[in-house]
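Engineer: starting from these lines, generate the structure:
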Amino acid sequence: MRKQKKVYKFLVNRPTGRVAFLVNMTDWNNRKKSAAALSIGSNTVLVLGKLMVGLAIGSVSVISEAVHSAMDLVAAIVAFFAVRESAKPPDKRHPFGHGKAEGLSGALEGILILAAIAIIVF
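Structural biologist: The predicted structure is shown next:
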């Protein structure tokens, strides 16, 4: 694996226009990927645990919580791929970078929450 070039970005306080702090974007993106991967792992454990317990005791409420957690798992997977995509540098087709991938994934996650509501209610 080749060594990634360190890219620094100034985060600016909008009202004052002053530089708030300097961020190493490579480390920042790696932290976001790690957090998304941890979210996938923890949500997987939650879904399996809630589903096993819900089926074992025959509780509809615990099974509905498992469905809710399953939607959270799907959202975490979407977020992981969005974070990975948004970390890509600008190219010819995307001269301003791939940062909008995170915003689009947020919209998709909202739709997933509505889908979970529909599945649980109906």
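Engineer: mind listing what's buried along the lengthiest helix in the chain?
Structural biologist: Looking across the chain with DSSP state H, the single longest helix is helix 25-57. For helix 25-57, the neighbour count (16 or more other Cβ atoms under 10 Å) marks 29, 32, 36, 39-40, 43, 46-47, 50-51, 54 as buried. All C-beta spots, glycine's among them, are computed from the backbone N, C-alpha and C.
Engineer: in terms of secondary structure, what does that helix contact?
Structural biologist: helix 60-86 (3 or more Cβ pairs under 8 Å, 6 or more residues apart in numbering; DSSP states H and E).
Engineer: show me what the helix it packs on is packed up against.
Structural biologist: helix 25-57, helix 100-121.
Engineer: quick one: that helix to helix 100-121, angle?
Structural biologist: Helix 60-86 and helix 100-121 are oriented at 170 degrees to each other (axes from the mean of the first three to the mean of the last three Cα atoms, to 10 degrees).
Engineer: what's the mean pLDDT across helix 60-86?
Structural biologist: For helix 60-86, mean pLDDT is 89.
Engineer: residue contacts, the residue nearest the centre of the chain?
Structural biologist: Closest to where the C-alpha atoms of the chain average out (Cα atoms, centre = their mean) is Ala79, at 2.6 Å. Counting by Cβ atoms under 8 Å, 6 or more residues apart in numbering, Ala79 makes contact with 36, 39, 102, 105, 109.
Engineer: again, 10 Å this time
Structural biologist: 32, 35-36, 39-40, 101-102, 105-106, 108-109 (Cβ atoms under 10 Å, 6 or more residues apart in numbering).
Engineer: try Val121
Structural biologist: Ser64.
Engineer: Ile113: neighbour count?
Structural biologist: 13 (other Cβ atoms under 10 Å).
Engineer: now swap in Ser64 and tell me
Structural biologist: Using other Cβ under 10 Å, Ser64 has 16 neighbouring residues.
Engineer: how about it: what's its closest non-neighbour residue?
Structural biologist: The shortest distance from Ser64 to any non-neighbouring residue, by Cβ to Cβ, 6 or more residues apart in numbering, is to Ile120 (4.7 Å).
Engineer: the one you found against Glu65, yeah?
Structural biologist: Yes - at 9.0 Å, Ile120 and Glu65 qualify as touching, with contact defined as Cβ atoms under 10 Å.
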